[in-house]
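Enquirer: make a model of this:
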Amino acid sequence: MKHPSKLFIILALLLSFVLVTTACVAAGQPAQTGGSQPAETGGEQPAEAAATEQPAEAESEAAAETGGEAEAQEGGFVIGVSNTLVGNGWREQMICAIKAEATASGLVDQVIVVNRNGGPTEQIADLENLISQGVDAIILNPTDREGLNAVIESAIEQGIVVVAVDQAVTAEGAYVVTNDQVAYARLGAEWLFEKLGGAGKVAEMRGIDGVPADTDRHNGFLEALENYPDIEVVAETFTNWDPSTTAQQGLDLITTKEIDGIWTSGGDYPVVEQFQTANVPFVPIVGADNNGFVGQLIDLADEGLVGAAVTNPPAIGAVGVSIALDALTGKNPEQVTLLTPQVFSTDDLEALKAMYAPDEQPGWSTYVDIPPYTHYNGSADVSACKGPGE
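Expert: A predicted model of the protein is given here:
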């Protein structure tokens, strides 16, 4: 009886131990699946999310209070400029307009200009240089419509705003700001043909053969011509946009041909001078918004000069700055901005006088204010050619 009693006790103790162990394990299982895991998925992660969301909410509230521009106004931007045509008055004024608008905006600390003669290869290197300097935006007058796309898209991927001015690019995400060259020619030609009463002999003095801007302008001229069957084009020349070449061609035209009117692709004031040299009566002339030509239209109006200046402003560079700053400050500007040319003629001498700058060089544009994009103080600020801190 003792042995069974001892065995019974041992078995009872073993059974008790097993029951206690099982109970502990059963009690621990819910703690692992219902306690620790929910703490990881429902406790710690929400805490991390709250830590990241809270500043975002604070930033949103701050932006709402300040209109979303406080950081831009306080921080200051750096704008890079890529130009690949040196010694050209139009391009020089474009750069000066960029600097003037950057200064007037109050949002830019520095303008870095990379300025040299070159093609796509050189410009790609210049753009890479600007990217490496950490600029916030790049304004470029592109040398190629598609050849710069890779470096432009690389800049955009790094958060840099890129604006192509004067000529377009096809890079994804780039902003484009151009003058409407077809309209430039069409509007000027229409003014000339109307001034001649819809009939007469005219000369078309173009720019550089094969250059996109010249081709666009010629197409605009032809568009206007289609509606005036009694207008006869008796001469077509290529001036290469060179004042000396333009002057010689103009003299030849007015002394060897019967001409009732002249349309020029910006080679205007040298042609007017040839009428004075040859001492022949003026005929209606269309040109660009060159300061020398605008001055002639004003000063020689009493001597019979009739003409129209069509805008093709280098200040498009300033428009590019305005678009870039709008993008940087979250205003979501249009991806493409196309400027429509304006016509200033001797029909309104007061308007011509308002845009004339007597102290400026003849080849500079006098049309520098382009609302609502420009904010500087007219020709004076552009001529100063001073960027922020200069």
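Enquirer: which parts of the stretch 151-300 of the chain are helices?
Expert: 181-195, 212-225, 243-256, 269-278, 291-299 (DSSP state H, counting those that start in this stretch).
Enquirer: need the nearest residue in space to residue 82, chain neighbours excluded.
Expert: With C-beta to C-beta, 6 or more residues apart in numbering as the criterion, residue 82 has its nearest non-adjacent residue at 4.0 Å, and that residue is residue 140. C-beta coordinates here come from the backbone N, C-alpha and C atoms, glycine included.
Enquirer: residue 196 and residue 263 touch, don't they?
Expert: No: Residue 196 is beyond contact range of residue 263, at 10.9 Å (criterion: C-beta atoms under 8 Å).
Enquirer: who's more crowded, these two?
Expert: The neighbour count for residue 196 versus residue 263, taken as other C-beta atoms under 10 Å, is higher for residue 263 (27 against 18).
Enquirer: quickly list what the more buried one is bridged to.
Expert: Going by DSSP bridges, residue 263 is paired in beta bridges with residue 204, residue 286.
Enquirer: so for residue 215, what's the pLDDT?
Expert: pLDDT, residue 215: 83.
Enquirer: how near is it to residue 326?
Expert: From residue 215 over to residue 326 the distance is 31 Å, taken as C-beta to C-beta, to the nearest Å.
Enquirer: repeat that for residue 267.
Expert: For residue 267, the distance to residue 326 (C-beta to C-beta) stands at 35 Å.
Enquirer: those two - which one has more neighbours?
Expert: residue 267 (26 against 16).
Enquirer: residue contacts, the nearest residue to that one once chain neighbours are set aside?
Expert: Nearest residue to residue 267 in three dimensions, chain neighbours excluded: residue 246, at 3.4 Å (C-beta to C-beta, 6+ apart). Contacts for residue 246 (C-beta atoms under 8 Å, 6 or more residues apart in numbering) come out as 205, 239, 264, 267, 270, 271.
Enquirer: contacting residues for the third one?
Expert: Under the criterion of C-beta under 8 Å, 6+ apart, the contact partners of residue 264 comprise 205, 239, 246, 271, 285, 286, 287, 288.
Enquirer: report the buried residues of stretch 353-372.
Expert: 355-357, 360, 362-370 (16 or more other C-beta atoms under 10 Å).
Enquirer: now the two most distant members of the residues you listed.
Expert: Spatially, the most separated pair among the buried residues of stretch 353-372 is 362 and 370, at 21.1 Å (C-beta to C-beta).
Enquirer: flag the least confident of the contacts of residue 246.
Expert: residue 267 (87).
Enquirer: check the offset of stretch 150-166 from the chain's centre.
Expert: Here stretch 150-166 is found 11 Å from its chain centre; the criterion is C-alpha atoms, centre = their mean, to the nearest Å.
Enquirer: would you mind checking the average pLDDT for that stretch?
Expert: Stretch 150-166 carries an average pLDDT of 96.
Enquirer: and the contacts of that stretch?
Expert: Stretch 150-166 is contacted from outside by 94, 124, 127-128, 130-131, 135-142, 169, 171-179, 316-317, 319-321, 323-324, 327-328, using C-beta under 8 Å, 6+ apart.
Enquirer: quick check: residue 307 touching residue 288?
Expert: No: checked against C-beta under 8 Å, the pair residue 307 and residue 288 is beyond contact range at 11.0 Å.
Enquirer: quickly list what's touching both of the two.
Expert: Residues touching both residue 307 and residue 288 by C-beta under 8 Å, 6+ apart: residue 268.
Enquirer: more neighbours: which of the two?
Expert: Taking other C-beta under 10 Å, residue 307 and residue 288 do not tie; residue 307 has more neighbours (30 against 27).
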